[in-house]
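Q: The following comprises the amino acid sequence and a computationally predicted model.
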Amino acid sequence: MKRRNFLKALPAAALALAGCGQAETAPANTASLVFDHSYPLDYAAQFSADCYEGGYVLVNIPDSGRFLVIPEDAAEVDDLPADVVPLRQPLDNIYLVSTSVMDLFVHLDALDCIALSGTKAEGWYVEEAKQAMQEGRIAYAGKYSAPDYERILASGCSLAIENTMILHDPAVKEQLEKFGVPVLIERSSYESGPLARMEWLKLYGILLGRTEQAEEIFRQKVEQVAPILGQESTGKTVAFFSITSNNLITVRRTSDYVAQMVGMAGGVYIFDDLEGDSPGQSTIKLPLETFYARAKDVDVLIYNSTIEGVVETRDQLIEKCPMLEKFKAVQSGDCWCTAQSLFQQSMELADLISDMNLVFTEGRPDPSSLRFLQQIV
């Protein structure tokens, strides 16, 4: 028998939403909910969703909140708990602050759902987003800490999608909610692996009513890397790093998703004992001497261009950090740089795994076969 009205201990989210009114006593224009199933997720652990008859979906995001997605023509839900935010479809005129989410909307062909951006046109590496802003289809509405409330309200904004930076400015979140704009804090960056991060596409599929499309796209991404995951490790040691302006080396913590991608692609991440001080920390800064001692003999160096920009030549790299001239990978030419667009293109992590695998297995792959890595020559 189906359970009614958010009965206790719903499987996926441990919700315990007791106290909703019974269907037989609810007003004609409201509905009580009948649980159907927990939405299946293969990798993601930072959100869950429970599906109810009639197309209602309850989304739970730790430290962000619970959101009830209501189909466009469905009745309101009677006695909805105060901590559950109703989101009625269609969700449009969205204020998108979290840059990692834009690529997910592009993949869902849902760019027209976004009216406002927390990033200016010149800050986008997602070409579709940049073009939409240049053409006036998406307007700049201020960064996360200083939103343009007047523009947001005038747009009829139905949802603000923030990243966890908003937690440093709780007054902004409170003000948006005071004006009637629901705030969803995106937490894919807290996922432990690349496939888990990409599976957040399914969350936006739920919000936008495009679950089948999201599931199919994600399935294709998993299939893309499946043959690589079945290969034996090449045994090649790898350091993924960047150089700060104050001469520190930034590397990824051992359990970070980039370090995991190195292993998935057949490499061996050299920093296997760096975890940092907090669960949300993805990078660790090392003194030059420590980096030299640990990484001078690695087989492959991958320079992260996100912060300081792309490095194209060996001379440019050595100018940034002269000691790198003594590194085995620099001398052998096994030195690579990421595309600067990488970390805004959340659904392309499968392509980076493929790129890494080609570098680890072929050494000098055809440049045209690589999408996010280029050799530093």
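A: Ah, there it is.
Q: And residue 359, how far from residue 335?
A: From residue 359 across to residue 335, the span is 10 Å (Cβ to Cβ, to the nearest Å). Every residue, glycine included, has its C-beta placed from N, CA and C.
Q: So between those two, which is more surrounded?
A: With neighbours defined as other Cβ atoms under 10 Å, residue 359 and residue 335 compare such that residue 359 has more, 24 against 21.
Q: Quickly find the element holding that one.
A: Secondary-structure assignment from DSSP states H and E places residue 359 in helix 349-362.
Q: Quick check: buried residues in that helix?
A: By 16 or more other Cβ atoms under 10 Å, the buried positions in helix 349-362 come out as 349-360.
Q: Next SSE downstream of it?
A: In N-to-C order, the element after helix 349-362 by DSSP H and E is strand 373-375.
Q: neighbouring strands for that next one, and are they parallel or not?
A: Next to strand 373-375 in the sheet, as set by DSSP bridges, lie strand 335-338 (antiparallel).
Q: where does the chain dip in pLDDT?
A: Filtered on pLDDT under 70, the chain yields the residue ranges 1-29, 276-280.
Q: Mind doing that once more with 90?
A: By pLDDT under 90, the weakly predicted segments of the chain are 1-32, 63, 78-79, 192, 244-247, 272-283, 306-309, 340-343.
Q: Scan it for its longest strand.
A: In the chain, with assignment by DSSP state E, the single longest strand is strand 236-243.
Q: what's the angle between that one and helix 349-362?
A: Per axes from the mean of the first three to the mean of the last three Cα atoms, to 10 degrees, the angle that strand 236-243 makes with helix 349-362 is 130 degrees.
Q: Residues touching the helix holding residue 359, excluding its own?
A: Helix 349-362 is contacted by residues 194-195, 197-198, 221-222, 224-225, 228, 231, 234, 236, 238, 257, 261-262, 264-267, 300, 302, 334, 336, 338, 342, 365, 369-373 when judged by Cβ atoms under 8 Å, 6 or more residues apart in numbering.
Q: Buried only: go through those for me.
A: 194-195, 197-198, 221, 225, 228, 234, 236, 238, 257, 261-262, 264-267, 300, 302, 334, 336, 338, 342, 365, 370, 372-373.
Q: Now, the residues you listed that are in strands?
A: Per DSSP E, strands hold the following members of the buried ones among the contacts of helix 349-362: 236, 238, 267, 300, 302, 336, 338, 373.
Q: how about the strands in the stretch 1-150 of the chain?
A: Assigned by DSSP state E, counting those that start in this stretch, the strands in the stretch 1-150 of the chain fall at 30-31, 35-38, 48-52, 57-61, 65-70, 76-77, 84-88, 94-96, 114-117, 139-140.
Q: Dump those strands to CSV, plus distance to residue 274.
A: Output for the strands of the stretch 1-150 of the chain, formatted as CSV (distance: least, Cβ to Cβ, whole Å):
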stretch, distance to residue 274
strand 30-31, 51
strand 35-38, 35
strand 48-52, 30
strand 57-61, 28
strand 65-70, 33
strand 76-77, 47
strand 84-88, 38
strand 94-96, 33
strand 114-117, 34
strand 139-140, 37
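Q: now those strands as CSV including distance to residue 323 and mean neighbour count?
A: Converted to CSV, those look like this (distance: least, Cβ to Cβ, whole Å; neighbours: other Cβ atoms under 10 Å):
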stretch, distance to residue 323, mean neighbour count
strand 30-31, 66, 18
strand 35-38, 52, 16
strand 48-52, 47, 22
strand 57-61, 43, 22
strand 65-70, 48, 21
strand 76-77, 62, 19
strand 84-88, 52, 16
strand 94-96, 41, 25
strand 114-117, 40, 23
strand 139-140, 42, 16
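Q: and the closest residue to residue 204 other than its chain neighbours, how many neighbours does it have?
A: Distances taken as Cβ to Cβ, 6 or more residues apart in numbering place residue 104 nearest to residue 204, at 5.1 Å, with adjacent residues excluded. As a burial measure, residue 104 scores 26 neighbours (other Cβ under 10 Å).
Q: Is it correct that residue 104 is in contact with residue 199?
A: No: in this structure, residue 104 is not within contact of residue 199 by Cβ atoms under 8 Å, at 10.4 Å.
Q: Could you measure from residue 59 over to residue 69?
A: 6 Å.
Q: Next, show the common contact partners of the two.
A: 206-207.
Q: count of neighbours near residue 297?
A: 11.
Q: Give me the secondary structure label for it.
A: coil (DSSP: H, G, I helix; E, B strand; the rest coil).
Q: so what's it up against?
A: Going by Cβ under 8 Å, 6+ apart, residue 297 touches 237, 327-328.
Q: Next, it: phi, psi?
A: In terms of degrees, to the nearest 10, the main-chain angles of residue 297 are phi -110, psi 10.
Q: Start the count at 53 instead of 1 going forward.
A: Shifting the count to begin at 53 puts that one at residue 349.
Q: Could I get the full set of helices for the stretch 53-202 of the chain?
A: Taking DSSP state H, counting those that start in this stretch to define them, one finds helices in the stretch 53-202 of the chain at 151-159, 179-186, 201-206.
Q: Tell me which of those is the most buried.
A: With neighbours defined as mean count of other Cβ atoms under 10 Å, these peak in mean count at helix 151-159, which reaches a mean of 22.
Q: May I have the distance across stretch 96-112, first residue to last?
A: End-to-end span of stretch 96-112 (Cα to Cα, to the nearest Å): 12 Å.
Q: List the contacts of that stretch.
A: 54, 62-65, 67, 83, 85-91, 93, 113-114, 118-123, 126, 129, 136, 239-240, 242-244, 248-249, 251-252, 254-255, 258-259.
Q: For residue 216, see how far away residue 181 is.
A: Where residue 216 is concerned, residue 181 sits at a distance of 21 Å (Cβ to Cβ).
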